[in-house]
Structures are given as C-alpha cells and as structure tokens.
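Asker: need a structure here:
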Amino acid sequence: MASLARITRSKFSVPRALIARRIQTSADTTKLSSSSDEVVKVTLHEESFHSYKCETPGLDVEVTKENLLKWYTQMNLMRRMEMAADTLYKAKFIRGFCHLAIGQEAVAVGLESAIAPEDRVITAYRCHPFAVLRGGTIKGVLAELLGRQAGMSHGKGGSMHIFTPSFYGGNGIVGAQVPVGAGLAFAQKYLGQNNVATFAMYGDGASNQGQVFEAFNMAKLWNLPCVFVCENNKYGMGTSAERSSSNTQYFTRGDQIPGIQANGMDIIASHQAVKFAKEWVTSGNGPLLLEFVTYRYGGHSMSDPGTTYRTREEIQRMRSTQDPIRGLAQYIQDWGVASEEELKEIEKQARTEIDQAVDEAKASPLPEPRDLWTDIYPKGSEPPFMRGREREERISGTILLRHFASSSKNTLDNPKSSTSQSVMTVYDAPSQPSEHLTRRSARSQHSLTDYFASRNRLSSRSTRQVSSSTSNAALENTSTKQIYDNQSPISRPSNVQPETFDSPSRPQAYYARPQRKADTRIELPVFRSRYVLVAVLTALGLSAWGGFVLYATNMERLSSSVVRRLSTDLKNSNIVAAALGEGVHLEPKWWLAGEPWIEGAINMLQGKVDLRFRIVGSGTVYFTSIREEKGRPFVVLRYKLICDNGQVLRLNDLSYN
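Answerer: Okay, here's the model as predicted:
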C-alpha cells in the first residue's frame, strides 16, 4: 500500500515547518489486528526526523491499539489539567508565576512512553505534565498551584518546583537545570547504572545560556549517558527564536555531540525519537542532543498574552493543522482503532477526572505556619540547638521549634490565646544527650523562661489588662511547668544549677528611662483648623513652580540661534526702520525681569520652528519655518511684522531666508 504521506506530498509543496499534521503518519490498515495488545507497524512521514553526526531513527514504528488509546487519554488529561490551571489563575485562585504547556502534550507523553521509571528527568518551569507522568497526581499538581497541603510540594513550591523520586523538577532559573542533569548522568555512570539515562530538558530560550554549553562540554568529555532535550516551541519570552538565535537548528549546536531533530507535534514520532535517544546513550556512545519542534498555543506565562509577537492567524493555523491530539484522533479513526463516539467518551472522562481533581484541590487545607519549620533538614541531621537573638537565647532546637510551632498554631486557631498554652513538637533532639548538651539545654530552658517572662511584661504594660507582677509570675510558672513537664528527651538534671549571662543589650540597674516634661510638650493644631493655610501654601508652591518652568522655557527660546538671528535682522532691516523708526529691539517684560517674552516652539529635531514675539516700535513678529527632510535646509513659510497701526510688512526678503 502506498504511503498516504507520499501521495499527498506529491500534490502539494508544503514548507517543512508547516507540514500538515494529518498526513505525517500512515499505516496499512489491513494489517491492524482486533487485539488491543498485538504489535502493528506504522510508517512515519519522511520529514519526521533529521540528524547531525549520527543516523536518524527508523520511520517504521511498532505500536499497539492499547498504546494509541493510552496516549490519547494521557494527552487529553494533560491538556485539560493545564486548561483548568488557566481558569483557576484567571479567577485569582492561583497567584505568582504559572507557565502552561498547552500544545506541547506530545513531548511529555511521548517521552514518558519510551523510558523506564528508573530513568531521570529534569526540566524547566513548564513542568506540570512531566510531574504527573513521572509518578505524581493531577490533584497534587493543582493543589500545589493553589498552595495547599495536598500539593506535591505541600504548598511550598508552586508552579515551578514540583518533584517526584524520578523527576527532579521544575526549576525556576532559565537553563540552570541543564548542568544539574549532567550531574545526574555523571552519578548514574559513577554508580555503574548502565541501563538508565538522564533527560535534561530546556527550551529554545535557554539554549543560548553559557551554562548549557558548559554542560555539553563536560558531558561529552566524560561520555555521560545524558540526553539534552530542547523543546523548541518557536518563541521565547516575547520574541521568536529567529530573532534571538543565529542558529535555530538546535540539534546541531552540540559541536561534537550528535543530534536528532524530531516532530514534537506527533506523538508517535516523539516516542520513536526518545526510544532511539535512550538506546544511544545507554550503549556507551555518550550524550545526544534531541530537539523537539513543537508549539505552545498560549503565552510564555499567564502574564503574556502571546499575541504581541505573533499573529492570531498563526496560532489558529497551528491548532487546525498540527495539533497533536487531533492528529492522533485522526490516526485512531482512520486505522479503525476506535470510533468517534469512543473518543468523545474518553474526552468526557478526562473532563470529569479534572473537575474532580480541581474540587479536591480546592478543598485541601492551606499549610499551617508551623510547616515553615518542616522539610528543612534531612531526618537525623537536625541541629541540637539554635542560636537566638542574644547570648542567653541559645535555645535547644526542640524547645525553640516547639515554641514557634505552638505560637503559630495558637495564633491561627485562637488569636487571643496565650502562646505558651500549647506545646507542639516539630522534631525531637537526640534521645540520649551528652552531659555537655544536658547542661547547655538546662541553661537554654532557664533562659527561655526569662525570655517568655520579659515578653509578657512588655505585653502587659502595653495592654494594661493585668498588673505586671501578676502576669510575670503566672507566665513564668506556666512556662517553667510546660518546659519541664513536657515529654521531652532533654530534661533538667536536679544537680545542675541554672546559669544566666548578662546581655550588653539588656538595661542595667542604674539605667533610668528619661521622662518627658509636661511643659516642653508642643501641641500642634488639628488639621481642620489649618487647612486654609495648607491650601494657600500649596497654591503658592504650585504657582512658583509653574512660574519657574515658564521662565526657564522662555530663556531657552530666547538664547536660541533662531531668535538671536531674527533680532539682528530686524535691527538692520531698512523696511522695519522705515515703518517703526530706528532702534527696533525685542520688547522687555517687567514680569520677566526685563527679558522679552517669546511664544511658540523651536524643535530642530522635528524640523519645525514657529515663533511670535513683540518688538518695540511697536508690533508683533510672526515667523514659521520647516524642514521637509533630514539633511535639507529649512524653508521659511511665514515671516511678517504686523504693526500696531494695522500695517503688515512681509519680511521674507531679509537675510534669514
């Protein structure tokens, strides 16, 4: 059976970058089996791959009906998830940065379909589909975007920092994940993991980063099993790839590293390219560059409309001719894998699953303030103490973190409750502390009691609710009881006396607070009694500023070469002298300290001069001149003197012209 792609190709001349999505793959439907797991062979379009310093992947691909339906389901889920994130962001449920991958689903699904769970993937900030496919959940991604506890990073990471055991993010720094990916590949080679690979992904916008080329060099120098994957979606942040890169064939930019370019809008081509890349790097051939030519329908991020540097017609054309989901649906129907009704049912199930995930993510609680103290240190490496603001506040880690955790929880549950009413463990100190640590913790506990008492004294003095002595004693007793009665592995030995230190910042005994004398206090009038004065002063200030601006502008025009030349011509003109007499000069103004007033504008850059001023004699001079083009002289359009007696003098014959 002749290839449908080749038949259509002979009729039309389509540029390689805009090949119609529906004609890129063909298969002999007579060989398709009714079994869902039986392997069938399809033929990719001849323009699906291009290579650099290596052979291209084969165009014959083995797939099953189960694979095709699974890929179609996954791509629908990924797109619906990103569309839900778009809706939540516009409704202000999601804040901050958010980068969506609508249109690029074939890259993520094709990559995951060709690798194993043991392989490592690291990418940039457009990471939501990879996080789900690498072991995460849709609810976990959406909850993370919403900043909820059910998020994959417990609401702490946001859109760009989502991880799984085999997915290393989600990274917010452009291009910074590429050297990390090379490091992962180095670790795999160092540990002798010969059958696994690392896929370090980046975009066309990050391809010009210096650290990317540094990672290329080290990976090739050490022959690391790393596939550098460039998602070329044609546009960076606000500009096209052609305007930012001298070489847009990104698969050729590895110098000594071979490269493959694949059609990233074809799920089958993406699967075949990743399969080829993994076999290449795990066979000891060293690193490989893999470029996916894809397209994003939305902007760079949610703050980018995506239509200022490209046309809406281009986006619509890509949606209608190269959409990966529509293309796969066309394959499935043409090859008899599923009917249109069955595909619609898959889409309906995807919408239902996404809607349920959105509801569950919204219902998840927000992180509690005490969660700021979790996931800071690996388990078992927590510090035994933490330094306080002063020497006496060198408090054991268990006690200090319990205090802050209980304070945060009480403030959240009951803002009026005392912070010392609840103690909550964040992490415990070593179960059997040494004698030195025991003495130190005892001093810390005593210092913590003083710290609580001093805080309560300040609070009581400001609120005036209870007397200082009563609250201090009560809080000190409560704090001491809570600290020593709590089930903490660090307890105060009976033979250790509390030890205190004098703080240089603590007031000494001889210190006396200065008292303000009553007779030195100056009472200012209320604003209502002086608003008239304020209004008058404001008006005077604005008037003075406006007068200064007018004076400076007039002096600039007066000192220009145009006005000086006009003044000289008028003084030496016989026509003006006959009409107004000798001694013609610019008329001074008393309110300008004897300087003349020049009206109009002088704009030499735009080639326009339009002036009007008074002269002694008396009359008004009008002068207009323009420059039609740069490099050509000015042409006088109007130069006349209107005397006060009504006489009009045409002055175009003066020397200025």
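Asker: Low-confidence stretches in the chain?
Answerer: Applying pLDDT under 70 to the chain flags residues 1-35, 385-529, 653-657.
Asker: domains of it?
Answerer: Listed by automatic domain parsing, the domain ranges of the chain are 16-65+101-127+173-338, 371-485, 551-650.
Asker: could I get these as JSON lines with mean neighbour count?
Answerer: Glycine gets a C-beta too; all of them are placed from N, C-alpha and C. As requested, those are exported to JSON lines (neighbours: other CB atoms under 10 Å):
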{"stretch": "domain 16-65+101-127+173-338", "mean neighbour count": "19"}
{"stretch": "domain 371-485", "mean neighbour count": "16"}
{"stretch": "domain 551-650", "mean neighbour count": "14"}
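Asker: Which residue is most remote from the mean position of this protein?
Answerer: Ala578 (74.7 Å; CA atoms, centre = their mean).
Asker: name the element it belongs to?
Answerer: Assessed by DSSP states H and E, Ala578 sits inside helix 574-580.
Asker: what sits against the closest residue to Gln188 other than its chain neighbours?
Answerer: Spatial nearest neighbour of Gln188, excluding adjacent residues (CB to CB, 6 or more residues apart in numbering): Val196 at 5.5 Å. The contact partners of Val196, taken as CB atoms under 8 Å, 6 or more residues apart in numbering, are Ala116, Glu118, Asp119, Arg120, Gln188, Pro225, Thr282.
Asker: Which members of those occur in helices, if any?
Answerer: Gln188, Thr282 (DSSP state H).
Asker: Excluding chain neighbours, give the residue nearest to Cys226 in space.
Answerer: That would be Ala185: by CB to CB, 6+ apart, it lies 3.6 Å from Cys226.
Asker: What lies in contact with whichever strand or helix holds the one you found?
Answerer: Taking DSSP H and E as the definition, Ala185 sits inside helix 177-190. Outside helix 177-190, the residues that touch it by CB under 8 Å, 6+ apart are 120, 122-124, 168-169, 171, 196-202, 206, 209, 211-212, 214-215, 218-219, 222-226, 228, 281, 287.
Asker: Tell me who's in contact with Glu82.
Answerer: Listed by CB under 8 Å, 6+ apart, the contact set of Glu82 reads Leu100, Ala101, Ile102, His128, Pro129.
Asker: Pretty sure the last one sits against Glu105.
Answerer: So that's Pro129. Yes - applying CB atoms under 8 Å, one finds Pro129 in contact with Glu105, separated by 6.5 Å.
Asker: Determine the residues that are contacts of both of these two.
Answerer: Taking CB under 8 Å, 6+ apart as the criterion, Pro129 and Glu105 both touch Met78.
Asker: that older thread, please convert the domains of the chain to a markdown table, extending it with distance to Gln349.
Answerer: Formatted as a markdown table, those follow (distance: least, CB to CB, whole Å):
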| stretch | distance to Gln349 |
| --- | --- |
| domain 16-65+101-127+173-338 | 13 |
| domain 371-485 | 35 |
| domain 551-650 | 65 |
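Asker: Relative to Lys348, which of the ones you listed is closest?
Answerer: Minimum separation from Lys348 across the domains of the chain (CB to CB) falls at domain 16-65+101-127+173-338, 13.7 Å.
Asker: Could you double-check that Gly135 sits in contact with Phe167?
Answerer: Yes - between Gly135 and Phe167 a contact is recorded at 6.9 Å, counting by CB under 8 Å.
Asker: Give me the more crowded residue out of these two.
Answerer: Set Gly135 next to Phe167 and count neighbours by other CB atoms under 10 Å: Phe167 wins out with 22 against 14.
Asker: got a list of what that one touches?
Answerer: Arg120, Val121, Ile122, Phe130, Ala131, Arg134, Gly135, Gly136.
Asker: just those residues now: which is nearest Glu368?
Answerer: Relative to Glu368, and with distances defined as CB to CB, the nearest of the contacts of Phe167 is Gly136, at 22.7 Å.
Asker: In strands, which of the contacts of Val196 fall?
Answerer: By the criterion of DSSP state E, membership of the contacts of Val196 in strands covers Arg120.
Asker: Distance of the residue nearest to Ile315 when sequence neighbours are not counted relative to Arg650?
Answerer: Closest residue to Ile315 apart from its sequence neighbours, by CB to CB, 6+ apart: Tyr297 at 6.0 Å. According to CB to CB, to the nearest Å, Tyr297 stands 67 Å off from Arg650.
Asker: quick one: what helix or strand has Leu111 in it?
Answerer: Going by DSSP H and E, Leu111 is part of helix 105-113.
Asker: Likewise for Phe613?
Answerer: strand 608-615.
Asker: So for the chain, the centremost residue is which one?
Answerer: Phe97 (4.6 Å).
Asker: Now do the same for that one: helix, strand or coil?
Answerer: Classification of Phe97 using DSSP: H, G, I helix; E, B strand; the rest coil returns coil.
Asker: tell me the contacts of it?
Answerer: By CB under 8 Å, 6+ apart, Phe97 lies in contact with Tyr125, Gly158, Ser159, Met160, Gly172, Ser301, Met302.
Asker: Can you name the helix or strand that the residue nearest to Ala116 when sequence neighbours are not counted falls in?
Answerer: Closest residue to Ala116 apart from its sequence neighbours, by CB to CB, 6+ apart: Val196 at 7.1 Å. Following DSSP H and E, there is no helix or strand that holds Val196.
Asker: any idea how far Ala150 is from Val196?
Answerer: Per CB to CB, Val196 is found 30 Å from Ala150.
Asker: isn't Lys362 right up against Leu146?
Answerer: Yes - contact criterion CB under 8 Å: Lys362 and Leu146 qualify, at 6.7 Å.
Asker: who touches both of the two?
Answerer: Phe93.
Asker: Could you check which of these two is surrounded by more residues?
Answerer: Leu146 (21 against 14).
Asker: need the contact list for that one.
Answerer: Leu88, Phe93, Ile94, Gly155, Ala361, Lys362, Ser364.
Asker: show me the residues around the fifth one that make contact.
Answerer: Just to be clear, that refers to Ala361. Ala361 touches Lys139, Leu142, Ala143, Leu145, Leu146, Arg148, Ala150, Gly151, counting by CB under 8 Å, 6+ apart.
Asker: immediately after the helix or strand where Phe130 lies, which helix or strand?
Answerer: Assigned by DSSP H and E, Phe130 belongs to helix 128-133. Using DSSP H and E, the helix or strand that directly follows helix 128-133 along the chain is helix 138-145.
Asker: what comes into contact with that next one?
Answerer: By CB under 8 Å, 6+ apart, helix 138-145 touches 77, 81, 84-85, 88-89, 94, 98, 128, 131-132, 149-153, 155, 157-159, 162, 353-354, 357-358, 360-361, 364.
Asker: next one: that helix to chain centre, how far?
Answerer: Distance, stretch centre to chain centre, for helix 138-145: 18 Å (CA atoms, centre = their mean, to the nearest Å).
Asker: And for stretch 99-108?
Answerer: Remark: stretch 99-108 is offset 18 Å from the chain centroid, using CA atoms, centre = their mean.
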